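> sequence and predicted structure are below.
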Amino acid sequence: MRDWRFTVRQLVKNPLSLLGIIIIFIFIGIAIFAPLIAPTPERYEDRPYMIPRDGYWAAPQPPDEDHPFGTTMGQYDIFYGVIWGTRSAFRVGLVVIGVVLLIGIALGSLAGYFGGIIDEIIMRITDIFLAFPALILAMAIVAALGPSLKTVMIALAVVSWPSYARLIRGDILQVREEDYIEASRGLGASSGRVILRHALPNAIYPTLIMASLDIGAIVLAAAALSFLGLGAPEGYADWGQLTSFARNWIVGPPGNPLKYWYAVTIPGLFILFFVLGWNLLGDAFRDIFDPRLARR
Amino acid sequence: MQLRAYIVRRLLLLIPVLFGVTLFIFGITMLFSPTARAMLFIRDPKQLANIPALIELYGLDQPFVVQYGNWIGQVFQGNLGYSKIVSMPVGDAIVNFLPATLELAIFATPLIILAGILLGTTAAAHKDKPLDHGTRVVAILGWSLPTFWLGLMLIMIFYGFITGFLPPGRLSVQMDLLVSAAPFVRYTRINTIDAILNLNGPVLLDALRHLVLPVITLSVVNVAFIMRLMRSSMLESLGKGYILTARAKGLSERVVNKHARRNALIPVITVSGYLFAALANGVVITETIFNYKGLSWWAWQSAINLDIPAILGFAMFNAFLFVLVNLVVDILYTRVDPRVRLGEAVQ
Amino acid sequence: MKDLLKIRDLSVRFYTYEGIVHAIDDLDLDIRQGETLGIVGETGSGKSMTALAILRLVPYPGKIESGSIVFSGRDSGGELELLKLRDDKMRAIRGDKISMVFQEPGAALNPVFSIGSQISEVFLLHRRQELGRRAKERIDNLLRDGSGFASALSRPFWRWQRRLYSKIAEEPHALEPRLLNRLPLFRRLLGRLRDEASLLTVNMLKGVEIPDAARVAAHYPHELSGGMKQRAVIAMALACSPELLIADEPTTSLDVTIQAQMLELFRRIKADKGASILFITHNLGVASEVCDRLAVMYAGRLCEVCTIEELFLHPLHPYTKALLDAVPIPGKELQTIPGALADAFNPPPGCRFHPRCPNATPLCQQDRPKLKEVGKDHMVACYLF
């Protein structure tokens, strides 16, 4: 109990983590109130995640009354895109982290607790996954299954679980040898499962927190995939997708090279701040949980 | 154990890893029907009729083991397959595209490691003071940047706004022509090194100019990572008993930091191995945006177009590199930490 | 006998998240020339903190709140107020005039540097002039006796080195040699200093009875046993013949047979070097082996200070008596001290020991008893006297 209060106090004291918390809350707000902030036009009502188009011209148009952030290539409204993109971002991030944690905890604790051949097999499997550059493997998976946000989530989950399984396994290994486990067994604790109920919470609590905060990294990777054309379909409200439209419009005509700055900068800034918020929080937690730094 | 024996032993471990990786990928491709896989060989609908023939030709309906066996057999004969997207054998493709990626890695890695170590040590030395918070903000910011966005922004500013200052691509058009013809000799196909070897200043400058933006894009994210690690490692090191002894001996803070740093570098070295993996990822986006036709660019194209031989070839090459880098890291480890001997498990 | 070190009204407080800890509370203590003073107490009594306070190495979040520590060394030029000394002057004293041996030799040594290099470090820092002088002499010998082609070629080089070393012999931190030492290629020029330091190091190791000293110097800490490591640490502390050697539980982490050897070593150091030793321990038996006088601490305060004979023959303070009673003797029923250690954050008012004292009076709860001289060289802080 005292531990929790200490943690929260540390978080609030630190200006960086406070900033992170504020940023995250702002984004949560945007995601929840998206329909109010950027209402879906009537003709798109059954497909709220498709960004409304105002024409078919290629060149992006600068911000004006109708389009607060301007439009990008193909006249997609940037404002609508980034607001609803927040929802996509949260969806991808939460789903992937959730799945990855489940798999990671399951396999990691199996490997850590039982050791032996089970451990070996699971470790070799993670080795194989880790020997391949994550992004490329993800790309291959998305390409094979057909690009869409769903396959992006699958691909990212497949690519990310090995590291977490390893982390959880490490935690279990650490706790397994602790005296109180030995003591529980000595007192006749019924089965390994009961001990896991004691051991697991202590061991994985920090890892869980850290993993949740990796949602930023997941969203970043998803954006990268979308940017490369391997994610959400064209016109979908997704930050990476939105940025990819700007690829051919980075440099404007000579004399006004920054003409189309909004097409690139705005979606990118949304990604940046989203990830920044989670990373600030994650950084603060890392400091708090670091067992090597004394908790004073 | 002896260094040579250790190296040989580690390289032998490469084989099961290679088997594992390729089996895995092969396995995934086997999830598709023979028809679907045959489809990958044709380029236009007119050739649809040829599918049965293709299946026959490439043995696409044979059992998994047979197909895998065939492929392995081919590999041992030096035939890694043909990469359709770049229209050259896989082996040639690797040799062709490697130098570009290597060039980026050569410039980015030392930059990342040095900057990270420097920033991390500074942050640790001024813990909780403005300098610590400042470097951390910069680091976290760098870490949160989407690589592709950073690349685009950099191009926008340094190529668009400051017109033509730092261009994308590997070389400007004229230099490219110069480099591809005699008397310029392409020893390594790494432009900067070749330029030095040819004693050609202008080419060197041009190549460097083209390297600035991609290297920065690559480095920013990773510097943050290393810096964070170095900082916490230094803080742990500074809390150890021998630091108190060092102070009790009357050593100045500078020398005390030297004592701490030596120990703090140990985990950083381990991580450098993973840095390589991180670079392999970041390079894809960098190569795409800056039009750098390197290994990752080729891997991306093969991934999108499901060029199976290319994917397999790249996977093997990457696994090989992975094992090699880990080997180097482990050996370095023993040099820095006298407690670790070759062949012992690293904590 | 003059006092080597005078501590007066020393207070050290720790500002932690959970509260303020008074680690040391208005301490008065004297260490005399050539004596071995022991500080005995339980964990948390403040004995280690006293040692750290003398060297001004109190770790965060601790702070030396008030008091004075006056050091009257032989070559230190009169009396030095250690707590007010400038940082660089304090560093000059650490390792040279006052040095410390810690409890865990394994933790005290840096695992990535060899034993020899860590000891040489002390010489290179504090005895630079001496090293410079010796290096210069060696070159003088080379110049004098050297003959043949190779030495003829090397002569100008030697002369240059000789000049450098002369400079160092006069002014240990002379500018030119220091600059050259920073430049990577020229660092070799000053290699002779390191060689001379190594010679002195090996001598030191021999002095603490480490066999095969030259080979051991090249080893790393993890390659030595606990006893050897502790000897090496002692060698490191004695390198510059300090006037005060502080030993913080030096034998606690060693097994009993090694302990005996270590105590013998300390006795020899006492006899040979004539230095004063501040010996911190929680073990009365160990204390009786090496110490001349003993100070008993409890909860950051002194209870009793007297000679070792007096302590065992006429212990006065109830805590001291309880400690002596608690020593296990075969056949005798095990005595413990009732109650628990004083709470660090909320210590008992008045005399810290009164909740556990069989002779407590109401007065003991109110004001803190002052340290009083009640016999020949025997001081107690208790209302019974």
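Okay, I see it.
> and the helices in the stretch 201-350 of chain C?
C:213-218, C:226-238, C:256-273, C:284-290, C:308-313, C:318-326 (DSSP state H, counting those that start in this stretch).
> same question for the stretch 151-296 of chain A.
Under DSSP H, counting those that start in this stretch, the stretch 151-296 of chain A gives helices at A:179-186, A:192-212, A:215-227, A:239-245, A:261-289.
> show me what the fourth one is packed up against.
It refers to helix A:239-245. With contacts taken as 3 or more Cβ pairs under 8 Å, 6 or more residues apart in numbering or on different chains; DSSP states H and E, helix A:239-245 sits against helix A:78-114, helix A:215-227, helix A:261-289, helix B:147-155. For the C-beta atoms, the positions are set from N, CA and C on the backbone; glycine is no exception.
> which one of these lies closest to chain C?
Nearest to chain C among the helices and strands packed on helix A:239-245 is helix A:261-289; the distance by Cβ to the nearest Cβ comes to 12.5 Å.
> helix/strand/coil for the residue in the stretch 1-150 of chain B positioned nearest to chain C?
Nearest residue of the stretch 1-150 of chain B to chain C, counting by Cβ to the nearest Cβ: residue B:127, 9.9 Å away. At residue B:127, secondary structure determined by DSSP: H, G, I helix; E, B strand; the rest coil is coil.
> show me what contacts it?
By Cβ atoms under 8 Å, 6 or more residues apart in numbering or on different chains, the contact list for residue B:127 reads residue B:235.
> and among the helices and strands packed on helix A:239-245, the most buried is which?
helix A:215-227 (a mean of 27; mean count of other Cβ atoms under 10 Å in any protein chain shown).
> tilt between it and helix B:147-155?
70 degrees (axes from the mean of the first three to the mean of the last three Cα atoms, to 10 degrees).
> can you add distance to chain C and give the helices and strands packed on helix A:239-245 back as CSV?
Written out in CSV, the entries for the helices and strands packed on helix A:239-245 read as follows (distance: least, Cβ to the nearest Cβ, whole Å):
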stretch, distance to chain C
helix A:78-114, 28
helix A:215-227, 29
helix A:261-289, 13
helix B:147-155, 35
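> wait, which of those is closest to residue C:140?
helix A:261-289 (57.5 Å; Cβ to Cβ).
> the closest one and chain B, are they touching?
Yes: for helix A:261-289 and chain B, the contact criterion (Cβ under 8 Å from any Cβ of the partner chain) is met by A:261, A:264-265, A:267-268, A:271-272, A:275-276, A:279-280, A:283, A:286.
> and stretch C:159-175, by the same measure?
No: Stretch C:159-175 is not in contact with chain B by Cβ under 8 Å from any Cβ; minimum separation 11.2 Å.
> buried residues of that stretch, list them for me.
C:161, C:162, C:164, C:165, C:166, C:167, C:168, C:169, C:172, C:174 (16 or more other Cβ atoms under 10 Å in any protein chain shown).
> doesn't residue C:166 make contact with the last one?
So the one you mean is residue C:174. No: Residue C:174 is not in contact with residue C:166 according to Cβ atoms under 8 Å; the separation is 9.5 Å.
> how would you label residue C:190: helix, strand or coil?
Criterion first, three-state DSSP; result for residue C:190: helix.
> what about it, how many residues close to it?
Neighbour count for residue C:190, taken as other Cβ atoms under 10 Å in any protein chain shown: 21.
> distance of it relative to residue C:167?
Look at residue C:190 and residue C:167: by Cβ to Cβ, to the nearest Å, they are 11 Å apart.
> I'd like the helices of the stretch 201-350 of chain C laid out as JSON lines, including mean neighbour count.
Formatted as JSON lines, these follow (neighbours: other Cβ atoms under 10 Å in any protein chain shown):
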{"stretch": "helix C:213-218", "mean neighbour count": "17"}
{"stretch": "helix C:226-238", "mean neighbour count": "24"}
{"stretch": "helix C:256-273", "mean neighbour count": "15"}
{"stretch": "helix C:284-290", "mean neighbour count": "19"}
{"stretch": "helix C:308-313", "mean neighbour count": "16"}
{"stretch": "helix C:318-326", "mean neighbour count": "19"}
